[in-house]
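Novice: A predicted structure for the sequence below; I have some questions about it.
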Amino acid sequence: MMTKTGFLRMFAAAVFVVSAFSTGASLAQTVPLVRAVEIDAVGGTVSLPLLKGRMTGGENVWYVLLDVSDRETADRLGINFSEKLNNADIGGAVRRAELGPDGELVFDAGSVDFQPERIVESGPKGRPFPPLRAQPGSVGDEDYTPLLRVGATGRAIFNAPVLAFDVDDETLNGFCTGESDYHLVHDKVVRICPRDGTVTLSLTAGFAGGKSLSYVSTESNVALVAALEGATHAPRMGDVPADLDDAPWSAVEPIYVVINGETGVDKTARQGLASALADGLPPLNITGDVPGLGLGYSPLWASHPVVWGKDAKRVLIRSEAQLRALEMAGAIHGVDGGAVRADGILVNCPVIFRRQ
């Protein structure tokens with residue numbers, strides 16, 4: 001059992017162990033943003049402190065902390081600071097938890113079913129997107145959201161994705177070797193081990209400001225996107241407006257998702273959902289702000305689909321500025337042929353590290 005004091009100590013004592021990149025990049029070229037137990041940049045994984053709470057009915061809730069809206073708390077816990085999360089308490093987008101007498105968080109609502117089988121079946125050759133079938137591997141109930149406040153007077157909003165629900169310690173300890181049962185745990189879990197107090201998650205590569213970054217996708221408000229991302233379908237997240245971009249009252253950060261980029265594992269311009277389905281590789285999405293560079297960062301990414309024009313020469317898009325320049329030149333557009341803009345889809349994507 002891990003008490004509040006115990007997990008704070010774990011965060012405070014955690015150290016970065018970042019492997020060298022396959023390209024030969026050094027530690028100095030990497031900026032870890034979450035104080036992790038281990039980051040494997042070659043393998044594309046991050047190991048984090050695994051935390052345990054419970055429902056008022058007694059069910060175990062296994063989760064991680066990745067972002068918080070209060071800078072002092074972020075610094076103390078070694079997680080991302082996102083001021084924008086202060087704007088996320090709309091409708092039921094933020095749930096509540098109480099601190100129990102044993103130091104564990106106690107949730108009165110919000111469960112996740114990890115029993116479904118994740119299914120993603122690509123479209124026909126030459127038209128892989130949209131997929132023929134797509135079903136997320138985990139589904140939150142009508143009260144589930146990864147965002148929470150602790151206590152009736154808690155001012156900070158935490159991003160705390162649930163990775164396993166109503167599973168005992170002994171069962172999860174059977175997965176310490178890395179052989180996880182995805183009917184019991186989140187599809188991003190590589191290894192989960194309560195006796196060590198850690199969980200290893202797979203990361204997704206992308207771009208921001210022309211530089212590479214890696215993030216973990218944990219929830220989406222749309223089932224199709226949750227299936228594609230290997231994330232939990234959490235409809236309650238949709239209470240957060242997705243079309244406010246960087247307005248002062250926005251809780252989101254834009255993410256630009258290329259639909260019909262170049263395909264082929266050997267193509268330098270390979271990018272997008274069609275490639276992800278056809279090639280089995282990350283879509284290489286583009287976002288704007290990241291932690292530590294300005295105050296625009298939020299883990300709640302609002303999808304902005306991007307479509308290449310029929311006769312345009314496809315290139316690898318690595319920044320928001322490059323994307324907008326291509327849009328001005330008429331090379332890309334939104335799904336309806338108009339401007340590239342938000343489509344109402346949200347994905348919870350905490351950034352783990354970025355390249356300098």
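Specialist: Arrived safely, thanks for sending.
Novice: Leu224 contacts Leu132, doesn't it?
Specialist: No: the pair Leu224 / Leu132 is not scored as a contact, 11.8 Å apart, by Cβ atoms under 8 Å. C-beta coordinates here come from the backbone N, C-alpha and C atoms, glycine included.
Novice: between these two, which one's more packed in?
Specialist: A count of neighbours by other Cβ atoms under 10 Å puts Leu224 above the other of Leu224 and Leu132, at 16 against 12.
Novice: Not counting sequence-adjacent ones, nearest residue to that one?
Specialist: Ala134 (5.0 Å; Cβ to Cβ, 6 or more residues apart in numbering).
Novice: before we move on, what about Val94?
Specialist: Nearest to Val94 is Leu147, by Cβ to Cβ, 6+ apart, at 4.5 Å.
Novice: Ok, Gly178 next?
Specialist: Gly178 sits nearest to Arg191 (Cβ to Cβ, 6+ apart), 4.4 Å away.
Novice: If the one you found is in a bridge, with which residues?
Specialist: Thr200 (DSSP bridges).
Novice: neighbours around it, how many?
Specialist: Neighbour tally, Arg191, other Cβ under 10 Å: 18.
Novice: element containing the closest residue to Glu253 other than its chain neighbours, please.
Specialist: In space, and not counting its chain neighbours, Glu253 is closest to Ser298: 4.3 Å by Cβ to Cβ, 6+ apart. Ser298 belongs to no helix or strand when elements are defined using DSSP states H and E.
Novice: would you put the C-alpha positions of the longest strand along the chain in PDB?
Specialist: For the chain, the longest strand by residue count, based on DSSP state E, is strand 300-308. Coordinates of each C-alpha in strand 300-308 appear next as PDB, following Å, rounded to 0.1, in the frame of the first residue of the first chain:
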ATOM      1  CA  LEU A 300      -5.900  18.200 -23.700                       C
ATOM      2  CA  TRP A 301      -5.100  18.300 -27.400                       C
ATOM      3  CA  ALA A 302      -7.900  19.500 -29.700                       C
ATOM      4  CA  SER A 303      -7.700  17.700 -33.100                       C
ATOM      5  CA  HIS A 304      -7.300  19.800 -36.200                       C
ATOM      6  CA  PRO A 305      -7.400  17.500 -39.200                       C
ATOM      7  CA  VAL A 306      -5.200  18.300 -42.200                       C
ATOM      8  CA  VAL A 307      -5.700  17.200 -45.800                       C
ATOM      9  CA  TRP A 308      -3.200  17.500 -48.600                       C
END
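Novice: Which neighbouring elements make contact with that strand?
Specialist: strand 253-258, strand 332-333, strand 346-348 (3 or more Cβ pairs under 8 Å, 6 or more residues apart in numbering; DSSP states H and E).
Novice: Determine which of these approaches Leu281 most closely.
Specialist: Leu281 sits nearest to strand 253-258 of all the helices and strands packed on strand 300-308, at 12.8 Å, using Cβ to Cβ.
Novice: tell me which helix or strand of the protein sits lowest on mean pLDDT?
Specialist: Least confident helix or strand of the chain, by mean pLDDT, DSSP states H and E, is helix 4-13 with a mean of 35.
Novice: isn't the residue nearest to Glu253 right up against Val252?
Specialist: Yes: with contact taken as Cβ under 8 Å, Ser298 and Val252 are classed as touching, separated by 5.5 Å.
Novice: Compare the two (neighbour count), which wins?
Specialist: Ser298 (31 against 26).
Novice: Okay, that one and His304: tell me how far apart.
Specialist: 14 Å (Cβ to Cβ, to the nearest Å).
Novice: How many residues are close by the nearest residue to Asp166 once chain neighbours are set aside?
Specialist: Closest residue to Asp166 apart from its sequence neighbours, by Cβ to Cβ, 6+ apart: Glu59 at 4.0 Å. If you count neighbours by other Cβ under 10 Å, Glu59 ends up with 14.
Novice: Good, wrapping up.
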